[in-house]
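Q: pasting the sequence and the predicted coordinates here, then a few questions.
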Amino acid sequence: MSKEADERILALVKPEYMKKIPAFIRGHATGNSCRLIEKEHPDLYAAFEADGSASGVEAGLPSDVVEQMRVLINGIFEQRMRKHHML
């Protein structure tokens, strides 16, 4: 569990998804999404965790890894937002 990795992952979420999540549950929603990725995709999470010294989301990471994470995190957010009738 790395705060820097979580921040880099959450930077890939579409801004319109983040705006639709009420502020009082945003921390819970984002934190649990990162924990889910950490459990189900440890190799992908480790890639974001390993190169935490580089600045920026995509710095030091292969573009295919970044794109894979972008699809994954936005898919999780979309699924949960549909479940709660937010989309």
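A: Received the coordinates, thanks.
Q: buried set for the helix or strand that Tyr45 is a member of?
A: Under the criterion of DSSP states H and E, Tyr45 resides in helix 42-50. Within helix 42-50, the residues scored as buried using 16 or more other Cβ atoms under 10 Å are 44-45, 47-49. For every residue, glycine as well, the C-beta is placed using N, CA and C.
Q: for stretch 7-23, what is the distance to the chain centroid?
A: Relative to the centre of its chain, stretch 7-23 is centred 8 Å away, using Cα atoms, centre = their mean, to the nearest Å.
Q: who touches the helix or strand harbouring Arg8?
A: Here Arg8, judged by DSSP H and E, is contained in helix 3-10. Here helix 3-10 makes contact (Cβ atoms under 8 Å, 6 or more residues apart in numbering) with 18, 30-31, 33-34, 37, 45, 48-49, 52, 57, 69, 73.
Q: in what helix or strand does Gly31 lie?
A: Following DSSP H and E, one finds Gly31 within helix 23-40.
Q: what helices and strands are in contact with that helix?
A: Contacts defined by 3 or more Cβ pairs under 8 Å, 6 or more residues apart in numbering; DSSP states H and E place helix 23-40 against helix 3-10, helix 42-50, helix 63-83.
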